[in-house]
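# next one to model:
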Amino acid sequence: MSSWRRRERAARPRVDTGGAVAIAGATGFVGRALAAALADRRRVIGLARHPPHPAPEAGVEWRRCDLFSLLQCEAALQGVEQAVYLVHSMLPSAHLTQGAFQDFDLICADNFARAAAQAGVRQIVYLGGLIPDDPALSVHLRSRLEVEQTLASRGVPVTALRASIIIGSGGSSYRMFRALLERVPLIPCPPCSRNFTEPIALDDVLALLSHCLEHPAAQSRSWDIGSGDVMTYRALLERTAGLLGLRRRFFSVPLSGTFWFRSWLGLVTGAPQALAAPLAESIRHSMVCRDRRLQQAAGVPGIPFETAVRAALARGRLGRGPHPLRHAPWRELYRYDVRSVQRLDLPPGRTARWAAEQYGAFLGRRFRWLLRAEVDASRSVRFRLAGLRLCLVELTFAKDRSQSDSRQVFYITGGALVRRAPRASGRPRLEFRQVLGGRVLLVAIHDYRPALPWPLYSLTQAGIHRRAMLAFGRYLAGLQPPGE
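All right, here's what the predicted structure looks like:
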């Protein structure tokens, strides 16, 4: 074992539950390494939307789990003692995605939290981002904080590790800045490059995740983790260039904001804009640990930056082809599938059930010249063309999946606008759910495949749905609050 992996453990005894630990995001950069590290002493269950075949890590049991499906989450977490959550939803999960990545993240985290509570999971360990003392957080960091809060909202204790850049050959941030150095001789440095970061080595992250599993907490708690090696983002690039043996010119540019920088960064590194933009936006914050008490208790002082980079470099240089995530499997597996998530404000005292009941009435009013909404005794809804019997969309209320007022589900079971075809994921459905303490309503369509030709759908029905959801939010806000 390499010297930087040898850890001096704290004096208190190790507590190993011996039960199964599930890793959500087990096919990712950190997930693969954690599964391999735990497999020799724990029963490890890797959760993936499409489990790898053959399995790359020996001793890992794989279960299929699409985190957008609560049903699959519940099945995947059966018999699990502890769970590790390593998922971020910045890349598309369907042929057409409507909505922001932070809302996709919320649905996945809420499904995982609900399923963990139902399965009796004792602890969730979450790897998120360092949260600076700044009320105007970037969208990326605000999303990481929302995920942390959502995972802890269903009663299962959550131990959250908050990190800045993770130094390892497969990490998204590390891969982007290394590709930048290898491909560009002149590197512009905007004012935000003077902000500070405290990177951490992958080996340290693995040691701390393992420590949290070995010493489960009874209550939710967050911890900052880092190497203790604080530097500016510009210094990080300069020091890495030196370790790469590259002569690079860095020059300051007075352009504020991150729009031009993230566009340029995606272009030169080959990373998808859906990934590059949120990460680049977070550079406007300094991301430094406030304290590292967990590392002191765990006996993980932090690998020096140069040592961590040399270890990552030893795994080989990057190729010059396009970023591998540009060829993500969703492009073929979910061809012509639609996922749409809209975030709306939920009036105080109202529930997702109440919002779902208002939906049919709203569409009937908004499109009264076009639609008729018929609601039967079972709360199923059929939308018909005005003056005709032609059913455009049929929504069948899923009573068995809507037992909580905080989540209501309708399966999309028929209609002229629905294509009946086998799907790689799950049943097409419309759901209403409340999150973040009941303040936010998410209205989501999953695994829907339109009957219209794809170009026509993209130009008409997709845009109409987006505008209708915005109008629905205004409609809900204008209704009388309860008790008035």
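
# look at Gly478 and say how many residues are nearby.
Neighbour count of Gly478, defined by other C-beta atoms under 10 Å: 8. From N, CA and C alone the C-beta is placed, and that goes for glycine too.

# and His88, by the same measure?
23.

# tell me the secondary structure of it, please.
coil (DSSP: H, G, I helix; E, B strand; the rest coil).

# residues in contact with it?
Gly25, Phe101, Asp105, Ser143, Arg144 (C-beta atoms under 8 Å, 6 or more residues apart in numbering).

# what's the answer for Gly266, then?
Contacts of Gly266 by C-beta under 8 Å, 6+ apart are Pro272, Gln273, Leu275, Ala276, Ala277.

# which one among the contacts of His88 gets closest to Met176?
Met176 lies nearest to Phe101 out of the contacts of His88, by C-beta to C-beta, at 16.6 Å.

# doesn't Pro278 make contact with that closest one?
Yes: here Phe101 reaches Pro278: they are 6.8 Å apart, a contact under C-beta atoms under 8 Å.

# before we move on, the earlier item: so for the contacts of His88, which is the shakiest by pLDDT?
Here the lowest pLDDT out of the contacts of His88 sits on Phe101, with 88.

# give me the neighbour count for that one.
Neighbour number of Phe101 under other C-beta under 10 Å is 22.

# separation between it and Val30?
18 Å (C-beta to C-beta, to the nearest Å).

# what of Gly360?
Gly360 is 44 Å from Val30, by C-beta to C-beta.

# ok, the two, which is more surrounded?
With neighbours defined as other C-beta under 10 Å, Gly360 and Val30 compare such that Val30 has more, 22 against 19.

# tell me the contacts of the more buried one?
Val30 neighbours (C-beta under 8 Å, 6+ apart): Leu86, Leu127, Ile166, Gly168, Gly171, Leu202, Val205, Leu206, Leu209.

# what's the farthest-apart pair in those?
Gly171 and Leu209 (14.6 Å).

# what about the two, which has more around it?
Neighbours per residue, other C-beta under 10 Å: of Gly171 and Leu209, the larger number sits with Leu209, 25 against 20.

# got a list of contacts for the host helix or strand of that one?
Using DSSP states H and E, Leu209 sits in helix 202-214. Under the criterion C-beta under 8 Å, 6+ apart, residues 4-5, 7, 14-16, 21, 29-30, 33-34, 37-38, 42, 82, 84, 123, 125, 127, 159, 161, 163, 166-168, 171, 223, 225, 227, 294-295, 297-298, 300, 302-303, 308, 311-312 lie in contact with helix 202-214.

# show me what the following helix or strand past it pairs with in its sheet, parallel or antiparallel.
As assigned by DSSP H and E, the chain's next helix or strand after helix 202-214 is strand 221-224. Take DSSP bridges as the rule and strand 221-224 pairs in its sheet with strand 158-163 (parallel).

# could you give the angle of the strand it pairs with to helix 202-214?
Computed by axes from the mean of the first three to the mean of the last three C-alpha atoms, to 10 degrees, the angle separating strand 158-163 from helix 202-214 equals 170 degrees.

# strand 158-163: how far from the chain's middle?
15 Å (C-alpha atoms, centre = their mean, to the nearest Å).

# so which residue of this protein lies furthest out from the middle?
Distance from the C-alpha centroid of the chain, by C-alpha atoms, centre = their mean, peaks at Gly387 (44.0 Å).

# grab the most central residue of this protein for me.
Central residue of the chain (C-alpha atoms, centre = their mean): His88, at 2.4 Å.

# any figure for the gap between that one and Gly25?
Applying C-beta to C-beta to His88 and Gly25 gives a distance of 8 Å.

# am I right that Gln118 sits in a helix?
Yes: judged by three-state DSSP, Gln118 forms part of a helix.

# pLDDT score for it?
96.

# and what of Ala115?
97.

# tell me which strands and helices the helix or strand hosting Met469 is in contact with?
Here Met469, judged by DSSP H and E, is contained in helix 461-478. When contacts are defined as 3 or more C-beta pairs under 8 Å, 6 or more residues apart in numbering; DSSP states H and E, helix 461-478 packs onto strand 96-98, strand 338-345, helix 352-366, strand 440-448.

# would you mind putting those into JSON lines with distance to Phe112 and mean pLDDT alongside?
Output for these, formatted as JSON lines (distance: least, C-beta to C-beta, whole Å; pLDDT from 0 to 100):
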{"stretch": "strand 96-98", "distance to Phe112": "19", "mean pLDDT": "80"}
{"stretch": "strand 338-345", "distance to Phe112": "16", "mean pLDDT": "93"}
{"stretch": "helix 352-366", "distance to Phe112": "18", "mean pLDDT": "88"}
{"stretch": "strand 440-448", "distance to Phe112": "15", "mean pLDDT": "95"}
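
# ranges for the helices of the stretch 51-200 of the chain?
70-76, 101-119, 139-151, 172-183 (DSSP state H, counting those that start in this stretch).

# in the third one, what counts as buried?
Buried residues in helix 139-151, counting neighbours by 16 or more other C-beta atoms under 10 Å, are found at His140, Leu141, Ser143, Arg144, Leu145, Glu146, Val147, Glu148, Gln149, Thr150, Leu151.

# again with the second one
Using 16+ other C-beta under 10 Å as the burial criterion, the residues of helix 101-119 that qualify are 101-116, 119.

# so where is the stretch 201-350 of the chain shaky, pLDDT-wise?
Residue ranges of the stretch 201-350 of the chain with pLDDT under 70: 257-260, 273-274, 315-335.

# would you map the strands across it?
221-224, 231-232, 249-252, 338-345 (DSSP state E, counting those that start in this stretch).

# and this structure, what are its domain boundaries?
Taking automatic domain parsing as the reference, the chain has its domains at 3-330, 336-478.

# what's the most buried one of those?
Of all the domains of the chain, domain 3-330 carries the top mean neighbour count, a mean of 19, counting by mean count of other C-beta atoms under 10 Å.

# run through the residues that contact Tyr359.
Here Tyr359 is in contact with Val381, Phe432, Val443, Phe472 (C-beta under 8 Å, 6+ apart).

# now do the helix or strand the second one falls within: distance to the chain's middle.
It refers to Phe432. Using DSSP H and E, Phe432 sits in strand 429-435. In terms of C-alpha atoms, centre = their mean, the centre of strand 429-435 is found 17 Å from the chain centre.
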